[in-house]
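**Student:** test case, fold it:
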Amino acid sequence: MYIDKDLVAASATPLVLGILADGESYGYAILKRVRELSGGRMQWTDGMLYPLLHRLERSGYVAASWGSSETGRKRKHYAITPAGHEALAQRRSQWAVVADALDQVWRGLPPVTAGSPA
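**Tutor:** Below is the predicted model:
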């Protein structure tokens, strides 16, 4: 399923912060978690995730540290910061308003079926 890049961009920060609120993680595991959460319908790439993680780190929402994998390879681990928790709370509130407005608009429309335009 194709998901418009505007929707991916709008949801990326709250998704990553939400995943990290559940515990520290590293890039590949975050990509895998997004895939799992979306039932495979969201296929993020490294080229999309790492610039976002670096931006979140520069903003102070995420802290990064180097660790080792089970195989001994070094990899960067990311953890949400107190500022990141605050940003996540704000995004959740904002997203709830948008989701509620969309729900109200869509309630009056005919149901979406496979193959029909959304």
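
**Student:** pretty sure residue 42 is in a helix, no?
**Tutor:** No - counting by DSSP: H, G, I helix; E, B strand; the rest coil, residue 42 falls outside a helix, being coil.

**Student:** who are the contact partners of it?
**Tutor:** 3, 8, 34-35 (CB atoms under 8 Å, 6 or more residues apart in numbering). C-beta coordinates here come from the backbone N, C-alpha and C atoms, glycine included.

**Student:** how about the secondary structure of the residue nearest the centre of the chain?
**Tutor:** When CA atoms, centre = their mean is applied to the chain, the residue found nearest the centroid is residue 15 (2.3 Å). On the three-state scheme (three-state DSSP), residue 15 is labelled helix.

**Student:** residue 87 and residue 20 touch, don't they?
**Tutor:** No - in this structure residue 87 lies outside contact range of residue 20 using CB atoms under 8 Å: 11.1 Å.

**Student:** higher neighbour count, those two?
**Tutor:** When neighbours are counted by other CB atoms under 10 Å, residue 20 comes out ahead of the other of residue 87 and residue 20, with 25 against 20.

**Student:** mind checking the SS state of that one?
**Tutor:** Residue 20 is classified as helix under three-state DSSP.

**Student:** phi, psi for the closest residue to it other than its chain neighbours please.
**Tutor:** Spatially, and ignoring its direct neighbours in sequence, residue 20 is nearest to residue 80 (4.1 Å; CB to CB, 6 or more residues apart in numbering). The phi and psi torsions at residue 80 (degrees, to the nearest 10) take the values phi -70, psi 140.

**Student:** also residue 76?
**Tutor:** phi -90, psi 130.

**Student:** tell me the spacing between it and residue 69.
**Tutor:** Distance of residue 76 to residue 69, computed by CB to CB, to the nearest Å: 11 Å.

**Student:** overlap in contacts of these two?
**Tutor:** residue 26.

**Student:** quick one: neighbours of residue 27, just the number.
**Tutor:** 16.

**Student:** shouldn't it be in contact with residue 75?
**Tutor:** Yes - if you go by CB under 8 Å, residue 27 and residue 75 touch, sitting 7.5 Å apart.
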